[in-house]
Structure formats: C-alpha cells, structure tokens
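**Q** Okay, predicted coordinates and the sequence, questions at the end:
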Amino acid sequence: MISRALSFVVLLYLLGYAAFAVLLPQPAGDERTDAVVVLTGGAYRMERGLDLLKRGVAKRMLVSGVARTVRPPELAAEYPGNDALFRCCIDLGRESVDTRSNAEEVARWMEKHRFRSLRLVTTDWHMPRARFELSRRLGGDVEVIGDAVASNPSFRALFTEYNKYLLRRAAVLVGV
C-alpha cells in the first residue's frame with residue numbers, strides 16, 4: 001500500500017516536471033498596462049522591457065533587483081539610445097535580492113504610483129514562481145500579465161526552478 005502511494009506521488013511529481021518543462025510561458029501580446037516590471041538576472045529581460053516602453057505599451061517601468069552600486073547613467077550606457085526613457089520613465093529598484101523580495105518591492109512601487117495593471121517581464125522558466133509571488137503580494141486588485149522572455153534552459157536549470165516553485169507553493173500551503 002505504501003509503495004503504491006509513493007509510486008503515485010513520484011509519478012505526479014515527474015508528470016508535473018514534464019508539464020513545467022514543456023509548457024513554459026510565452027511572450028505576451030501588445031495589450032496595454034500601466035507599468036512594466038523587469039526582474040533582473042536574465043538575458044534579454046531589459047531589452048524586452050525597453051522595447052515595450054518605447055512602443056507605448058506602458059507608462060513607466062521598474063527594474064527590480066538592481067545592485068545598489070549601479071547608477072542610472074551606468075545602466076543607461078549599457079542600452080544606447082534609451083537615455084530619454086531612463087530619465088523620464090524608468091525606476092531602479094534596489095531593495096530586492098530574490099523573487100519574494102522582488103514581489104515586495106514591486107508591490108510598494110505599484111502602490112506608490114497607484115497603478116492597477118502591470119506586465120511582468122522575466123525569463124520563461126522563472127515566470128511561474130515570479131508570477132505566483134507577485135500575485136500573492138498584490139492580491140486580486142492588480143492585473144498581472146506575464147510576458148516571458150524565451151530561453152533555452154538546461155535540464156538542471158528547469159529541475160532546480162521546478163523544485164523551488166513546488167517548495168514555495170508548499171510553504172505557502174503550510175503557512176510559512
């Protein structure tokens with residue numbers, strides 16, 4: 001009896017991983033939102049956020065998780081031709097160090113600006129956990145559109161992220 005139950009749990013876990021790996025989120029369309037939020041740490045996230053801002057898909061952008069030592073002109077220099085956007089419409093969030101603190105930082109920024117909708121830009125494999133944390137923190141009052149940046153993650157990266165996602169959801173279920 002115990003071996004069957006354990007086999008069933010292992011099967012569910014493996015099927016969940018397969019679904020996680022095969023059904024990675026996709027980039028969003030051009031629906032407008034009040035804000036774009038870019039979580040640092042992955043290739044092409046900033047480029048995606050800047051492109052959305054240039055095209056007028058949102059009014060303002062937060063880059064969450066920027067190192068405290070990075071200055072706006074330094075970051076702007078990494079993305080030539082976007083100086084005007086950095087001056088008017090981009091805020092650097094320096095308080096977060098992980099996905100949970102990203103959600104806290106984003107929530108404070110959203111409240112400050114009284115925005116009701118946002119487009120979350122992060123890598124496809126990171127989107128489920130990032131969106132989970134953000135939705136928990138924002139509640140149902142803010143519309144969150146996931147805008148995944150396509151990547152080519154390794155088996156190990158997907159496996160690690162899948163386990164982080166499961167552990168976080170389990171922690172929330174038990175109240176941690």
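**A** Arrived safely, thanks for sending.

**Q** Now do the end-to-end distance for stretch 37-54.
**A** Terminal residues of stretch 37-54 are spaced 14 Å apart (Cα to Cα, to the nearest Å).

**Q** buried ones in that stretch?
**A** Judged by neighbour count (16 or more other Cβ atoms under 10 Å), stretch 37-54 contains these buried residues: Val37, Val38, Leu39, Thr40, Gly42, Arg45, Met46, Arg48, Gly49, Leu50, Leu52, Leu53. For the C-beta atoms, the positions are set from N, CA and C on the backbone; glycine is no exception.

**Q** Just give the closest residue to the fourth one, not the sequence neighbours.
**A** So the one you mean is Thr40. Leaving aside its chain neighbours, Thr40 sits nearest to Gly65 (3.9 Å; criterion: Cβ to Cβ, 6 or more residues apart in numbering).

**Q** Same list (the buried residues of stretch 37-54) but as JSON lines, adding secondary structure, pLDDT and distance to Ala18.
**A** Output for the buried residues of stretch 37-54, formatted as JSON lines (DSSP: H, G, I helix; E, B strand; the rest coil; pLDDT from 0 to 100; distance: Cβ to Cβ, whole Å):
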{"residue": "Val37", "secondary structure": "strand", "pLDDT": "98", "distance to Ala18": "29"}
{"residue": "Val38", "secondary structure": "strand", "pLDDT": "98", "distance to Ala18": "29"}
{"residue": "Leu39", "secondary structure": "strand", "pLDDT": "97", "distance to Ala18": "25"}
{"residue": "Thr40", "secondary structure": "coil", "pLDDT": "94", "distance to Ala18": "29"}
{"residue": "Gly42", "secondary structure": "coil", "pLDDT": "89", "distance to Ala18": "23"}
{"residue": "Arg45", "secondary structure": "helix", "pLDDT": "97", "distance to Ala18": "26"}
{"residue": "Met46", "secondary structure": "helix", "pLDDT": "96", "distance to Ala18": "31"}
{"residue": "Arg48", "secondary structure": "helix", "pLDDT": "97", "distance to Ala18": "27"}
{"residue": "Gly49", "secondary structure": "helix", "pLDDT": "97", "distance to Ala18": "31"}
{"residue": "Leu50", "secondary structure": "helix", "pLDDT": "97", "distance to Ala18": "34"}
{"residue": "Leu52", "secondary structure": "helix", "pLDDT": "96", "distance to Ala18": "31"}
{"residue": "Leu53", "secondary structure": "helix", "pLDDT": "95", "distance to Ala18": "36"}
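
**Q** Of these, which is the nearest to Arg168?
**A** Closest approach to Arg168 among these (Cβ to Cβ): Leu39, at 15.1 Å.
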